[in-house]
Every structure is written in C-alpha cells, then in structure tokens.
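# 3D, please:
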Amino acid sequence: MTKFIALALGMGALATTAFADMSTMDANEDGLLTMDEVQAAYPEVTADQFSQIDINGDGAIDDAELTTAQEAGLMPASEG
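The predicted structure follows:
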C-alpha cells in the first residue's frame, strides 16, 4: 500500500480530471488497459505510475487493478 501513497502524491491531479472507466479507455476492447490506452486518456501518467497501478506486473491494468487505483484516489472513478 505504500507504493499507492507515493503514487497518489504524484498523480493527485488525475483525481480532479474528467472521469474515465475501463470501457472508455480500452481502445481494443480486450478488457485490459495498456500504457498507451491509459496515456491516451491521461498523457501525464508515467511508466512508473502505470507500473505501480499494475499490481500483478503483467504490463496491463485489469478491471480489479483499475478499481483499486480508483479507490485509492490514483485514477478518477467512473460516474456510473
């Protein structure tokens, strides 16, 4: 959880930007978000920040990782 605290400090501005959810960011509709897909919505996300959200280290953010990041205030939560 410590890495999330550091990430929250680095990504604080994201929490106030327009919301996005998996379906709006997942360009190829495979159920995973790549670095490119996240950066298309949030260009300020760095590779280090992405890897901290990617809890299992598989190079993609799945729905559970996105939810965890949103709950920690690291990514904007969807409105619906």
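
# Same question for the host helix or strand of Ala40: list its buried residues.
Here Ala40, judged by DSSP states H and E, is contained in helix 35-41. Residues 35, 37-39, 41 are the ones in helix 35-41 that count as buried (16 or more other CB atoms under 10 Å). Every residue, glycine included, has its C-beta placed from N, CA and C.

# export the following helix or strand past that helix as CSV, just CAs?
Beyond helix 35-41 on the C-terminal side, the first helix or strand identified by DSSP H and E is helix 47-53. Output in CSV follows, covering the C-alpha atoms of helix 47-53 (Å, rounded to 0.1, in the frame of the first residue of the first chain):
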residue,chain,number,x,y,z
ALA,A,47,5.6,4.5,-16.9
ASP,A,48,6.5,4.3,-13.2
GLN,A,49,3.0,5.3,-12.2
PHE,A,50,1.5,2.8,-14.6
SER,A,51,3.6,0.0,-13.2
GLN,A,52,2.6,0.9,-9.7
ILE,A,53,-1.1,0.6,-10.7
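
# hang on, the earlier thing: can you tell me which of the buried residues of helix 35-41 lies nearest to Asn28?
Proximity of these to Asn28 (CB to CB) peaks at Glu37, which lies at 7.7 Å.

# Pull the contacting residues for that closest one.
Neighbouring residues of Glu37 by CB atoms under 8 Å, 6 or more residues apart in numbering: 25-28.

# Separate out the buried members of those.
By neighbour count, with 16+ other CB under 10 Å, those hold 25-26 as buried.

# Throw the contacts of Glu37 into TSV and include pLDDT, thanks.
Rendered in TSV, the data for those read as follows (pLDDT from 0 to 100):
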residue	pLDDT
Met25	91
Asp26	95
Ala27	95
Asn28	95
